[in-house]
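**Student:** Can you look at this prediction? I've put the sequence above it.
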Amino acid sequence: MKQCYGTVVFFPILCGVRQGGVDDLINELRCSGYSVHIGSVFVGSLFYADDIVLLSPSCYGLQRLLSICKPFANTWNIKFNPARSQVITFSGKNPQATILHQNGA
């Protein structure tokens, strides 16, 4: 399968719970231009069980990544929980007010 950063080779997953559509979401986040890469390695999203970490070099980029996740969440009936969500910034001044919209909230 050809994607924005080259060809991806798929391998069979022989155990565990199928994570419907996550590969498509990861590819959208990777190709968005708002995520983080170290060299040519994409590190803009980390997935573990039902947790997702989104990394972006800007608050605007982070909002764009959340906007990419919204249709995925709607399709797979996933609800992001703002009470369990965190935002952290490094370097520069912290924004006076940061509002990241999740699930239309």
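**Tutor:** Yep, that arrived. Numbers count the residues shown, from 1 in each chain.
**Student:** so where's this structure shaky on pLDDT?
**Tutor:** 1-20, 91-105 (pLDDT under 70).
**Student:** just the helices in it please.
**Tutor:** Applying DSSP state H to the chain gives helices spanning 22-31, 59-75.
**Student:** looking at the ones you listed, which is closest to I88?
**Tutor:** Closest to I88 of the helices of the chain, according to Cβ to Cβ: helix 59-75, at 10.2 Å. C-beta coordinates here come from the backbone N, C-alpha and C atoms, glycine included.
**Student:** Next, the angle from the closest one to helix 22-31.
**Tutor:** 160 degrees (axes from the mean of the first three to the mean of the last three Cα atoms, to 10 degrees).
**Student:** Leaving out chain neighbours, which residue sits closest to L46?
**Tutor:** Nearest residue to L46 in three dimensions, chain neighbours excluded: V53, at 4.1 Å (Cβ to Cβ, 6 or more residues apart in numbering).
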